[in-house]
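# this one's sequence-less:
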């Protein structure tokens, strides 16, 4: 069983981060250098010169050629070594691996696995692609924790009440029951929470103009292992969407996370907050950006600490509750993608019922 | 054999450090959160939420209830989990261990062992308890060294001459012979040193008003593994205590250390300096506090360095002298408390005579 | 096979660093304290008190006596313990090892091996010894990398073009062929590169007054494992030395490196730049010193990063080229000095021809 599922699309960078200069990233333990060719094409190569293992990300670009900063080995955009110093013959082993990149609006995805992605494509992210009717902000924070701790965090939003109180957390987020389902074939875990006639947190009060009470829906779709999509619906209490699906009276937010394993104890937390209202209001851009960054810092601080605690804790015991069903299911789906649990399909009716012994 | 003797009382905090907010301490590898209930009762629980292992010391107190800062698990002062989010049933395994605390004046002690302390009580520390006739100052410094290095340090005061020269060290401290005895049953090591008609160091000159020559006694009682009591007698040269024990012409100081193992390479160094003179002289409080803090910093710096050296030194050889008799005896008593040497009682006549081969 | 060749002379300090106060250095994992006696004689002892392993480099000198800063063990310049506290008898085991030092002008060398150096002397360094006709500047930089990475760096000067471009690197340094020879008996590797009618880099333009084109010779002599001598000849293009060896029209620079292994991942990089021109021009001293320090910082930064990469890289594969011949030969000579390859003499005709498969 692999440590990470490698034959997957992961977000490697904000699209705007990839420019005509080398950018170093590590995805699933693979050191990668990204850059953009003069014609704009994004490139990803192994960040390790074949000569002396020096990081190519410390080298320089000369047009479409990446030149190692130590002894000058030169590579084209396929990783083929096209020049070495002191001789014209180039050893065949001097080439370095290259990786497929896909740009999708604000995020760029990488495939680091050894299988051919073939028909597989990155998850759809139309809200990041400048489509009509949506406005998005996005950034990335590295966290010094294992990937599974960020998955746990995002799949159980009851933590908003405590870790993000005053921002997006209100009492109802932790007390409202959830519905958890799994699409085993597509490795999707869904956790739905519909709060009716509840308090409107500052994050949404300020941006939508609504006041308490509101209806607040949080419908999670986790495309294991690396993409998380939270569908938020904020509306005056009691105003349901119409039968035909239209939902004009409501405000919609999509909160996206790219959860990219960097190393065993480091994870990239790409995030985006997308909205279908106040599209041209830059003040709201600024407000949402500041608030979301504070929320992410709260998560980063907590997960950095938790990783340290877990590394020094020989006892793995943890109590399991109903609120953990989404996280537990996600863990099992990821284990299956790593090569575990393959003999036993995971279906909706197989989600483990957490042991809840009344004291 | 255990790494630390766990069924022991250790100082966990200055009493004033424990308040109506969580305080994190680690004693013998156990992460502990301390706080004070609204009625003043001190509480110590395992600093690990049963749900996701998040430190409870990062949570908040609501009256007598400690609420985890991640998902809101709530605990009473016995460690019983009294609320979880999203459901009314609480798993029995959700409780966390609690630890006994005993407040004794300026210091609070903890029992982390799995045996019942039963009749065992923390060592007596009347000088810290506001009794008539004594004034005390106290603080704590963490040291990045193993517990045994601090034991070595304190049991061999000849180091005062070199590490603390100009503060409490004078030439006679290192040249005066010592008498070492052991009370095996109570795990007490005693090292007595009576210096007659010697130089008065600044530490005592300034505080007692005496000038050289003085009689200076340093009688150590080490209650292994965690409590060290130095009885200091400072008097004009030649003035012995009376036959009935009264000693009016002398100044008495008790220097107390709580030596609490935190982890394998970290130790809490609680200290107190208590005196039976100049009780209301706050200038002397300030002077003694400043001097003792500098002395402790000298020890901390030296032991931090020594721990690093020892960790990188594959050769354990050390020369043994007469001055080491107290430290060697203390080491053996602690080993016995950890479960070693149990087949062989350690009595006064068995203290090893260090090999001293004349060159 | 040893980790380092220990029976060798290594530079331990700039001669001016050794004074009448303790200086701590670690050579081939041996912690050493250096100091100078009142009569000027340099001394090197093990930096580990025999009593409690405290670093003697934290002690104090009293005349010719080094006194431990913890409990006062006192040592003479041979490492003999001459006083301990609390007793007159001194255990024979209380002595500490001493090491031979040899001062040679600006550098002082140490022998840490267990064999008698006997006839072996440090390499000749007349340019550092204030001889007529030469002026030298020198300093030391520690690098957090293994010794072999610094050897690799210095034996392949093609890196000057990329890592030191604008300082000493010009295109021809990396494209001009090299001649590599080995003197197996004396563990010397020679790499010669004669560039004819090439660009004059700023480093030499500014100091010699010559302008492009020049003849520029770089003849390396590496006395494995610890001394590197680069003979540089800078002359107007086409001006060869005379048949009798005189070379008046040229400028000569000797660049010396002492490569001293400190620990498995730390190396001292002693350097000196010696010239036979502009001897009294302090402005050129200042210029050369600033330039060389920047060049060394470039190497230090690169090798610190490379060491980290290599430690985290399970794949040791590296492509081998003609430019690597010097480094590869040096590696094999050092392995032989460590006790490897002893059954197979390494001669000139045995230098491995790097595999160069045309793609």
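Thanks, I have the structure now. It should be emphasised that the depicted structure is a prediction, and the values quoted were computed from it without experimental measurement. Residues are numbered from 1 along each chain as shown, chains lettered A, B, ... in the order given.
# use CA for all of it now, contacts and neighbours both
OK.
# Just the strands from the stretch 201-350 of chain A, written as ranges.
Along the stretch 201-350 of chain A, counting by DSSP state E, counting those that start in this stretch, strands occupy A:214-223, A:227-236, A:251-263, A:266-275.
# As CSV, those with distance to chain C and mean neighbour count would be great.
Shown next, in CSV, are these (distance: least, CA to the nearest CA, whole Å; neighbours: other CA atoms under 10 Å in any protein chain shown):
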stretch, distance to chain C, mean neighbour count
strand A:214-223, 30, 22
strand A:227-236, 28, 22
strand A:251-263, 11, 23
strand A:266-275, 14, 23
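# Of the ones you listed, which is nearest chain B?
Comparison of these against chain B by CA to the nearest CA identifies strand A:214-223 as nearest, at 15.0 Å.
# Could you list the residues of chain A in contact with chain B?
Taking CA under 8 Å from any CA of the partner chain, the part of chain A that reaches chain B is made up of A:158-163, A:174-177, A:302, A:305-306, A:309-310, A:317-320, A:322-323, A:355-359.
# Mind checking which of these are in helices?
Of the residues of chain A next to chain B, the ones assigned to helices by DSSP state H are A:160, A:161, A:162, A:163, A:174, A:175, A:302, A:305, A:306, A:309, A:310.
# Now for those residues, which sits with the most neighbours around it?
Tallying neighbours with other CA atoms under 10 Å in any protein chain shown puts residue A:160 at the head of these, with 26 neighbours.
# Just give me the residue right at the centre of chain A.
A centroid search over chain A (CA atoms, centre = their mean) returns residue A:258, at 1.2 Å, as the residue closest to the centre.
# hang on, the earlier thing: could the strands of the stretch 201-350 of chain A go into CSV alongside mean pLDDT?
What follows is those, written out as CSV (pLDDT from 0 to 100):
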stretch, mean pLDDT
strand A:214-223, 96
strand A:227-236, 97
strand A:251-263, 97
strand A:266-275, 98
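# looking at these, which is closest to residue C:223?
strand A:251-263 (41.2 Å; CA to CA).
# quick one: residue A:66 and chain C, what's the gap?
Distance, residue A:66 to chain C, by CA to the nearest CA, to the nearest Å: 12 Å.
# Tell me if I'm right that that residue and residue A:76 touch.
Yes: if you go by CA atoms under 8 Å, residue A:66 and residue A:76 touch, sitting 6.5 Å apart.
# out of these two, which sits in the busier spot?
residue A:66 (27 against 19).
# roughly how far is the strand or helix carrying that one from the heart of the chain?
For residue A:66, the host element (DSSP states H and E) is strand A:65-67. Centre-to-centre, strand A:65-67 and its host chain are 30 Å apart (CA atoms, centre = their mean, to the nearest Å).
# Distance check, the closest residue to residue A:331 other than its chain neighbours against chain B.
Distances taken as CA to CA, 6 or more residues apart in numbering or on different chains place residue A:148 nearest to residue A:331, at 7.3 Å, with adjacent residues excluded. To chain B, residue A:148 is 12 Å away according to CA to the nearest CA.
# what about residue A:148, how many neighbours?
The number of residues near residue A:148, taken as other CA under 10 Å, comes to 19.
# Quickly find the element holding it.
Residue A:148 belongs to helix A:147-155, assigned by DSSP H and E.
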